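In: sequence and predicted structure below; questions after.
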Amino acid sequence: MTHVPLDARIYVAGHRGLVGSAIVRALAERGHTNVLTATRAELDLRDQAAVNVWFAENNQVTSISSLARLVAFGPTRRAPAEFLTTIS
């Protein structure tokens, strides 16, 4: 189990979607206070240069964007809440 401090900067891509929004809610319920999100207009994930700049500006960010997709579509098919118990 990995411990993530409650004040760690955590970026959740797809925060408006089903899985992403569930992860944001679960993080908030667990007391995480520094969850970062960005709309497509704010950060186009298809633009690698923009992503590099965003992460440089928001240093020390833990990204769970790809993990959110793994939870939803990966081999384990675990629910977001079950996944979050492994990082809290």
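Out: The structure has been received and is ready for your questions. Residues are numbered from 1 along each chain as shown.

In: number of residues surrounding the residue lying closest to residue 21 once chain neighbours are set aside?
Out: Excluding the flanking residues, the one nearest residue 21 by CB to CB, 6 or more residues apart in numbering is residue 15, at 6.0 Å. For the C-beta atoms, the positions are set from N, CA and C on the backbone; glycine is no exception. By other CB atoms under 10 Å, 20 other residues sit near residue 15.

In: test my guess that residue 15 contacts residue 24.
Out: Yes. The criterion here is CB atoms under 8 Å, and residue 15 meets it with residue 24 at 5.1 Å.

In: shared neighbours of these two, which are they?
Out: residue 37 (CB atoms under 8 Å, 6 or more residues apart in numbering).

In: so where's this protein uncertain?
Out: 1-2, 63-88 (pLDDT under 70).

In: mind redoing it with 80?
Out: Where the chain drops to pLDDT under 80, the residues are 1-4, 59-88.

In: ranges for the helices of it?
Out: 18-29, 48-57, 65-73, 80-84 (DSSP state H).

In: separation between the residue nearest to residue 21 and residue 23?
Out: Relative to residue 23, residue 15 is positioned 8 Å away (CB to CB, to the nearest Å).
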